[in-house]
Structures are given as C-alpha cells and as structure tokens.
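> Pasting a predicted model and its sequence here:
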Amino acid sequence: MKYLSTRGDATPRAFCEILLEGLAPDGGLYLPETYPRVDAATLASWRGLSYPQLAFEILALYIDDIPAADLRALLDRTYTAATFGDARITPLKPLEPGLALQALSNGPTLAFKDVAMQLLGALFEYQLGRLGQQLNILGATSGDTGSAAEYAMRGRRGIRVFMLSPHGRMSPFQQAQMFSLQDPNIHNLAIEGVFDDCQDIVKAVSADLAFKQRFQIGTVNSINWARLLAQVVYYFAGYFQATGRDGGEVDFAVPSGNFGNICAGHVARRMGLPIGRLVAATNENDVLDEFFRTGRYRVRGSAETHATSSPSMDISKASNFERFVFDLVGRDAARTAELFGPALSRDGGFTVSADEFARVPGFGFVSGRSTHADRLATIRDCWQRHQVLIDTHTADGLKVARAHRRAGVPMLVLETALPAKFAEAIREAVGFEPPRPPATEGIERLPRRFEVLPADAERVKRYIAEHCGA
Ligand SMILES: *Cc1c(COP(=O)(O)O)cnc(C)c1O
C-alpha cells in the first residue's frame, strides 16, 4: 500500500515514511492510493475476532513495511483490558432497542483520543527504534489532545513531549491529569497567554526549519494518518457488536470537530463496511453541519468561534475535512488543491458545485447541530430514561442521532468522553457530581510538574534546546 497527497504529490510513500509526518510537502493530507475492499466473506470471517486481532486484519491492509509479527505484538500490547478497562476495548452500552452508545473513552485520559494515540505511541517508539532516531513532539492543547498525547508517550524510548497549554485556563481536572505526570520525558509548558498564543508559538517554532531539523521536532496532531487509521477499527468493532450473523446496515452518529473521527467512519464505509449513514453532529461551531446542509464550507474567524460546554468540538475549521472533499470531487487533486489553497485563503471558504454536492448522499453523510440547552436536556433525559450518564460531547451526538433514527437500522452513538471530565456541565444538567473512575480519584492532590513560560517562541525554543539532550 502506498500513500499520496490530496493536493497531487504522487511520490509513492510507504506507511512508515508518513508515520512521523503531518502535512504532505505540498500542503495536502496523506491518503492511501485506494481503499482496500473487504468483501462479505472476509467481513464474516472477522466476526468473533478480539479487538487486537481485528485491528491487525485491518491495519495489515494498509501497512506493508512492518513485519506481521511485530505489528501483532504492538497491537496486543496496546489494546488491553488493563489500559481500556474492558477486553472489548470499545463495548456497546445499549440505551433502548436499536440505539446504543459505543464506549470509546475508557482509556487513561477518559476521551476517545486515547484509542488512536496509545497506538501512535507504540508505533512511534517502534519506528524511531528501527531508525535509531529521536523525536521531540511539540504541541499546543486546550485539554483532550495534549493529555492523550502525554499518556501515550510517557516513558517511551526516543520520545520527548513538549506540550504548551494556556496557563491557568484548562479545567482543574485537565490540569491535574497532565501536570501530575512525573515522567522525565514529559514537559508541561504553561504559557502566559490563551490557547491561540500556544498555537502561534508551535507554528513559529515549526516554521524555523533549521531549529526543527536540528532538534527533531515533530507533532501528533489529528491529521496524522496513523491516528485516523487506528480509529477505523472501532467502526468494525461496533458493527459486529450491533449486528448478528445476518449482518445488515448500521448507522453511526459522531460528535465532530476536526472531522478526524467521522473521517475514519468514511474510510470504513469505503472499505465496504455496511454503514448506512454517518451522522455528523456539531455544537454551535457548525462549520460541518453548514457544509452538509448547503455545500458551503466556511472557515470561521476567532470572533465567530464560540467557547461552548463541549469544548473539544470548538473548531473554526475542520482540519481533516480535505480528505473527504478529495473523495467527493472524485479524487481530483487539482480541484482539491484549488479549494483548500487559493479559494480558502482568498474567500475564507468555498462552495462545491451542484454536481459535487449531489454526491454527498452517496457517501452516507447527514448532519445536525446541538446547543448548550440541547446538551443539558439530552444529558438529563438520558439519565432519567436510561440511568446512563453521558458527557457533553456525547450529548451532542445523541441529540442529533435521535433526529436521524431509521426504523430497523441500529444507530450507534460514539461516546467520545466520560462525564467526569466535564463536571460543571453535568452538575448543571442533573444536579450532582459525575462519578470518577477509580484511577482518577484524588488526582488534584498529586504533586505537579510544569514550567510557566512567557508567550514567547524564542523562550520556548531555549527551553527545548536545554531539555532535549541533543
Ligand atoms: C477531539 C474530540 C472530539 C472531536 O473529534 P474530531 O475527530 O476532531 O472530529 C469530540 N469529542 C471529544 C471529547 C474530543 O476530545
């Protein structure tokens, strides 16, 4: 399997060549040359596999430069009941006949990003070991991504993490989760500024190519192909749990921000998994819902980006969306390059043609939007009706899922975080404190390890240079 760029760079690259990279050199995103097709007989033969076995069958279709025995061992070590609380890794939680949550958030940081990030940590360590190289991961976080990255990379050979966060602005739980890590390869840099300042610093450091090369700077952001690929697996796992031997279609509702999670569903569907609909659920930051209703993709400015009670979906643009549009326009790289290059920078967005928009239903996508009031009502209703407590992001998914139910087709709502992470909104909805998983009990009282730095890229560079052992 070789990979190409959505903007036309067709240099054939193997999986491990793009593993440690973000954007392709032409600014596009990596995709496989084709999506491997899984026929009905193969699909049937996968029913009954354990999660790591299923992950192996799927990943082996995309990775031909890691020996099978090594890949199997990596997956067996990553997807364990010890790390994810359940041997099924992403078990279904039935709500009512035909409607269930798929629990993706029982990993170490209580959000679905662990499912992919834990594998990324193992793959990075493996590949860096083979190359005899080191990597210094630089990132900016307002919460979920940074903690998932740190818990995936802690203690790994050849890897250091420098994670920037806005000083004093993350939730107390998120701060405790990240800052209590004592591993010497994890560096928490609390920046005196807001999240945008952190992101600007990451951009400035990455733009200094000499520095980047000298100190082997890399990222783990959501456009990384390996992260997306890891997420494809749980669509298959959910499908098998929701259907019997006779198969049939399943719909998925996905709380969406950067379009990474639902893009994995798109890939699973292209591979032949019988997904009927992919329901994209947004919060008030409805870039994606607007596109699926109108064909217009419009990036928001910071003044138009709302801070909501489902903060991990507060996006101004959907960084993985280019992958879907590439497929929508018939994999026309010149067209994709025009839309995401000149059109986006000139007009802040684009509208696909009527012919292109007419293809959307064939890809199974529908969408909807949810607000703070919807989230509270949905959390309360789900608690009262089913005695199941859900977080705010999952509530956006459930709210929109209910509007798209189809008779006879199971609907799976991807649970992307546990309520314990967003206690304030939960209290507002149901009037009590969400339960804490035992492993996170009392983390606020643990000793903390972090460094406060001014919002100054040069100062951050100096810190990295002093702490990366190079
Ligand atoms: C990151 C995140 C999302 C959004 O996922 P995308 O892949 O960016 O669409 C939704 N919910 C939670 C809890 C998240 O952490």
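Received, thanks.
> after the host helix or strand of Pro94 comes which helix or strand?
Mapping Pro94 onto the secondary structure by DSSP states H and E places it in strand 92-96. Stepping forward along the backbone from strand 92-96, the first helix or strand reached (DSSP H and E) is strand 99-103.
> Heading C-terminal from that next one, find the next helix or strand.
The first helix or strand that comes after strand 99-103 along the chain, using DSSP H and E, is helix 113-131.
> With just CA atoms, put that following helix into CSV.
Included here for helix 113-131 are C-alpha records, laid out as CSV according to Å, rounded to 0.1, in the frame of the first residue of the first chain:
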residue,chain,number,x,y,z
LYS,A,113,-8.4,10.2,21.5
ASP,A,114,-6.7,7.5,23.7
VAL,A,115,-7.8,4.8,21.3
ALA,A,116,-5.6,6.2,18.5
MET,A,117,-2.9,7.9,20.5
GLN,A,118,-2.0,4.8,22.5
LEU,A,119,-1.3,3.0,19.2
LEU,A,120,0.6,6.0,17.8
GLY,A,121,2.9,6.0,20.9
ALA,A,122,3.7,2.3,20.3
LEU,A,123,4.2,2.8,16.5
PHE,A,124,6.5,5.9,17.0
GLU,A,125,8.6,4.1,19.6
TYR,A,126,9.0,1.1,17.3
GLN,A,127,9.8,3.1,14.2
LEU,A,128,12.2,5.5,15.9
GLY,A,129,14.0,2.5,17.4
ARG,A,130,14.4,0.9,13.9
LEU,A,131,15.8,4.2,12.6
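> average pLDDT across it?
Taken as a whole, helix 113-131 has a mean pLDDT of 97.
> Work out the gap between it and the centre of the chain.
Using Cα atoms, centre = their mean, to the nearest Å, the distance from the centre of helix 113-131 to the centre of the chain it belongs to is 15 Å.
> So which elements touch the strand holding Pro94?
Packing contacts for strand 92-96, counted by 3 or more Cβ pairs under 8 Å, 6 or more residues apart in numbering; DSSP states H and E, involve strand 99-103, helix 225-242, helix 372-386. For the C-beta atoms, the positions are set from N, CA and C on the backbone; glycine is no exception.
> Save those as a markdown table, and put in mean pLDDT too.
Formatted as a markdown table, those follow (pLDDT from 0 to 100):
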| stretch | mean pLDDT |
| --- | --- |
| strand 99-103 | 98 |
| helix 225-242 | 98 |
| helix 372-386 | 98 |
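> Can you say which of these is nearest to Thr308?
With Cβ to Cβ as the measure, helix 372-386 is the member of those nearest Thr308 (6.4 Å).
> wait, does that closest one contact the ligand?
No - using Cβ under 6 Å from any ligand atom, no contact is recorded between helix 372-386 and the ligand, whose separation bottoms out at 12.1 Å.
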